[in-house]
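In: Any chance you could fold what I've pasted below:
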Amino acid sequence: MGSKLFIPIIPMGAVRTTQKQKFVDERAKRYQTYKQQIALSSKQHFKTPSECPISVDMTFYMPIPSSWSQKKKDRMNGAVHRSKPDIDNLIKGVFDSLNKIAWKDDNQVFEVHSRKVYSFNPGIGFEIWETEVAE
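Out: Residues are numbered from 1 along each chain as shown. Okay, the predicted model is just below:
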């Protein structure tokens, strides 16, 4: 069994910015805060960064729109989320946050399984497995 963690945070896609924009653009500032919150939560779980090849299973629990009827909310809880943000941008934000915490560098990740679903409890759930390297 791998190492499991759930972070109660609204998932956010990676923001592409220049170095200068990081200090000016509100979305970029919000993204930096988001990554810091993931890192802080993860530091409490991972004692030292792994140096092994890594396999990751991630679920992004996306918030259910408040404008939906209660009947639709109930029906969509756990259903596939098919709108923005794109899953690759969601993964990038988490991977960047876990560098030097769960692993030395995200280039160690050789396998990823991910999904995004609607949920009454937004957050990011992931499980990480280390793989021994054959000598």
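
In: any idea which helix is longest in this structure?
Out: Taking residue count as the measure and DSSP state H as the definition, the longest helix of the chain comes out as helix 26-43.

In: Against which helices or strands is that helix packed?
Out: In terms of contacts (3 or more Cβ pairs under 8 Å, 6 or more residues apart in numbering; DSSP states H and E), helix 26-43 is packed against strand 3-7, helix 87-98. Placement of C-beta: from N, CA and C, glycine included.

In: For these, give me CSV that also has mean neighbour count, mean pLDDT and distance to residue 15.
Out: Putting the helices and strands packed on helix 26-43 into CSV (neighbours: other Cβ atoms under 10 Å; pLDDT from 0 to 100; distance: least, Cβ to Cβ, whole Å) gives the following:
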stretch, mean neighbour count, mean pLDDT, distance to residue 15
strand 3-7, 16, 95, 18
helix 87-98, 19, 95, 8
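
In: re earlier: how about the longest helix of the chain: buried residues?
Out: Across helix 26-43, burial judged by 16 or more other Cβ atoms under 10 Å covers 28, 31, 34, 35, 38, 39, 41, 42.

In: Out of those, which comes closest to residue 50?
Out: Within the buried residues of helix 26-43, distances to residue 50 taken as Cβ to Cβ reach their minimum at residue 42, with 12.2 Å.

In: Surely the closest one and residue 98 touch.
Out: Yes. Residue 42 lies in contact with residue 98 (Cβ atoms under 8 Å); the separation is 5.9 Å.

In: Kindly format the C-alpha coordinates of stretch 84-100 as CSV.
Out: Listed next in CSV are the C-alpha coordinates belonging to stretch 84-100 (Å, rounded to 0.1, in the frame of the first residue of the first chain):
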residue,chain,number,x,y,z
LYS,A,84,-12.2,23.5,-17.0
PRO,A,85,-9.7,23.4,-15.5
ASP,A,86,-8.0,20.7,-17.7
ILE,A,87,-6.7,17.7,-15.8
ASP,A,88,-3.1,18.2,-17.0
ASN,A,89,-3.0,21.7,-15.5
LEU,A,90,-4.4,20.3,-12.2
ILE,A,91,-1.7,17.6,-12.1
LYS,A,92,1.0,20.2,-12.8
GLY,A,93,0.1,22.3,-9.8
VAL,A,94,0.2,19.4,-7.4
PHE,A,95,3.4,18.0,-8.9
ASP,A,96,5.1,21.4,-8.6
SER,A,97,3.9,21.6,-4.9
LEU,A,98,5.2,18.1,-4.0
ASN,A,99,8.8,18.7,-5.3
LYS,A,100,11.3,18.4,-2.5
